[in-house]
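Engineer: Fold the following for me, if possible:
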Amino acid sequence: MKILSATILLAVCIALVGFSRSSPVLSKTESAETSLFRQGMDCYQKNDFPGAMEYFQQAADQGDVLAVVQIGLMYDFGQGVLQNYTEARKWYLRAAEKGEPRAMYLMGHMYEFGEGVSIDNSIAYTWYLKSAQRGHASAQFEIGKILTRANRETETYLQGVEWLKSAANQCHFKAIEILQSATNESPGDFAHCSGG
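Structural biologist: Next up is the predicted model:
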């Protein structure tokens, strides 16, 4: 009887595992594209890039902008696909046009470093600024870094410091480092970033 019970329990577990992979039950607050994205991230974290790409593609087709960004990243870094900056840029632009701040930041990065495009600091700045205005800490850092290259007595420099503070308040450690060295900000001003 124990063997039969153990066999039945094992069969139920296998069935549930198989069910959860092929057709997950969605919570009331989880949309289909969110579930697809989550499944894609599960594959991605296990380095199952073909599986991840399949889920991300399905989620992107249903309008999930985070999946669109993730596809761009996979092309950008050659994860499961050949590295292709042009293809990465296409996916980033698709998400950026829908207002996704990380995609805007990544567009700025591509233009700053000439990845799949000609280096154009003006376009890079524009994308960084759009992303920074939407609260992306790394974009705020980049804008702050650019603006603080100005003379310390100018309004431009002061605007740069404010962008660095915005990034630092989100625990962007390079921004904290620059602020502490350039403006004598106290390390205590960012104590919330140390985790304790």
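
Engineer: Check residue 182 and give its pLDDT.
Structural biologist: pLDDT, residue 182: 74.

Engineer: Also residue 194?
Structural biologist: 70.

Engineer: How far away from the center of its chain is the helix or strand encompassing residue 112?
Structural biologist: Here residue 112 sits within helix 101-113, counting by DSSP states H and E. Relative to its chain's centre, helix 101-113 lies at 11 Å (CA atoms, centre = their mean, to the nearest Å).

Engineer: Kindly report the same for stretch 92-107.
Structural biologist: 10 Å.

Engineer: what does that stretch contact?
Structural biologist: 65-66, 68-69, 72-73, 76, 88-89, 110, 127-128, 130-131, 134-136, 138-139, 142 (CB atoms under 8 Å, 6 or more residues apart in numbering). All C-beta spots, glycine's among them, are computed from the backbone N, C-alpha and C.

Engineer: Now residue 183: closest residue in space that isn't a chain neighbour?
Structural biologist: residue 161 (6.1 Å; CB to CB, 6 or more residues apart in numbering).

Engineer: Enumerate every residue touching that neighbour.
Structural biologist: Residue 161 neighbours (CB under 8 Å, 6+ apart): 144, 148, 179, 182, 183.

Engineer: Now distance to residue 41 too, for those residues, in TSV please.
Structural biologist: Formatted as TSV, these follow (distance: CB to CB, whole Å):
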residue	distance to residue 41
144	30
148	36
179	33
182	37
183	38
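
Engineer: ok, of those residues, which come out buried?
Structural biologist: 144, 148, 179 (16 or more other CB atoms under 10 Å).

Engineer: and the last one, how far is that from residue 132?
Structural biologist: Separation of residue 179 from residue 132 (CB to CB, to the nearest Å): 16 Å.

Engineer: Equivalent analysis for the second one, please.
Structural biologist: Using CB to CB, one obtains 14 Å as the distance from residue 148 to residue 132.

Engineer: Provide a list of residue ranges in this structure with pLDDT below threshold.
Structural biologist: For the chain, the stretches with pLDDT under 70 are 1-30, 32-33, 184-188, 195-196.

Engineer: Can you pull up the most central residue in it?
Structural biologist: Closest to where the C-alpha atoms of the chain average out (CA atoms, centre = their mean) is residue 102, at 5.1 Å.

Engineer: now the helix or strand harbouring residue 138 against helix 101-113, angle please.
Structural biologist: Assigned by DSSP H and E, residue 138 falls within helix 137-147. Counting by axes from the mean of the first three to the mean of the last three CA atoms, to 10 degrees, helix 137-147 lies at 40 degrees to helix 101-113.

Engineer: Can I get helix 137-147 as PDB, trimmed to CA atoms?
Structural biologist: C-alpha atoms of helix 137-147 as PDB (Å, rounded to 0.1, in the frame of the first residue of the first chain):
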ATOM      1  CA  ALA A 137      19.000  55.900 -11.900                       C
ATOM      2  CA  SER A 138      21.700  55.000 -14.400                       C
ATOM      3  CA  ALA A 139      20.400  57.600 -16.900                       C
ATOM      4  CA  GLN A 140      20.200  60.200 -14.100                       C
ATOM      5  CA  PHE A 141      23.900  59.300 -13.300                       C
ATOM      6  CA  GLU A 142      24.900  59.800 -17.000                       C
ATOM      7  CA  ILE A 143      23.100  63.100 -17.300                       C
ATOM      8  CA  GLY A 144      24.600  64.300 -14.000                       C
ATOM      9  CA  LYS A 145      28.100  63.100 -15.100                       C
ATOM     10  CA  ILE A 146      27.800  65.000 -18.400                       C
ATOM     11  CA  LEU A 147      26.500  68.200 -16.800                       C
END
